[in-house]
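Student: pasted the sequence and its predicted model underneath.
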Amino acid sequence: MKSLLTISIVISIAFSQQGLNINDLEASPSGKQMYPYSGKIFDYWGNGNSKLRGRFRDGLRNGKWTFWHPNGQKKAEGKFFDGDGSE
């Protein structure tokens with residue numbers, strides 16, 4: 001029983017570290033999030049390669065974001081502050 005609990009905790013921590021898929025966020029017709037999310041965001045291309053990684057704070061891009069091409073090569077990296085991007 002103890003080992004089952006340990007395995008469950010390890011699995012939940014591993015998945016919580018990844019964050020939320022950006023496609024799981026609900027957006028209004030204007031494109032703004034219905035319920036502002038704060039936390040890690042990710043997305044993958046159809047072939048399983050990473051598409052993007054970053055963070056949202058109150059529904060806006062915030063902090064370091066990284067974007068990749070479908071072939072796995074890094075496309076761009078930048079920082080956002082309350083939704084405004086810079087290099």
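Tutor: Now that the structure is in, tell me what you want to look at.
Student: low-scoring stretches of this protein, by residue?
Tutor: Across the chain, the ranges flagged by pLDDT under 70 are 1-17, 31-34, 86-87.
Student: apply 80 and report the result again.
Tutor: Applying pLDDT under 80 to the chain picks out residues 1-18, 26-35, 85-87.
Student: in which helix or strand would I find the most centrally placed residue in it?
Tutor: The structure's the chain has its C-alpha centroid closest to residue 41; by CA atoms, centre = their mean the separation is 1.0 Å. Per DSSP states H and E, residue 41 falls inside strand 39-44.
Student: buried residues in that strand?
Tutor: 41, 42, 43 (16 or more other CB atoms under 10 Å). Just so you know, the C-beta spots here come from the backbone N, C-alpha and C atoms, and that holds for glycine as well.
Student: does residue 39 touch residue 19 like I think?
Tutor: Yes - Residue 39 is within contact range of residue 19, at 5.7 Å (criterion: CB atoms under 8 Å).
Student: now do the shared contacts for these two.
Tutor: Shared contacts of residue 39 and residue 19, defined by CB atoms under 8 Å, 6 or more residues apart in numbering, are found at residue 55.
Student: residues near residue 30, how many?
Tutor: Per other CB atoms under 10 Å, the neighbour tally for residue 30 reads 5.
Student: who touches it in this structure?
Tutor: Listed by CB under 8 Å, 6+ apart, residue 30 has no contact partners.
Student: ok, it to residue 46 distance?
Tutor: 27 Å (CB to CB, to the nearest Å).
Student: gap between the residue lying closest to residue 55 once chain neighbours are set aside and residue 77?
Tutor: Spatial nearest neighbour of residue 55, chain neighbours left out: residue 63 (4.5 Å); criterion: CB to CB, 6 or more residues apart in numbering. Per CB to CB, residue 63 is found 11 Å from residue 77.
Student: equivalent analysis for residue 23, please.
Tutor: 21 Å.
Student: those two - which one has more neighbours?
Tutor: Between residue 23 and residue 77, counting by other CB under 10 Å, residue 77 is the more crowded of the two (13 against 9).
Student: beta-bridge partners for the more buried one, please?
Tutor: Beta bridges link residue 77 to residue 66, judged by DSSP bridges.
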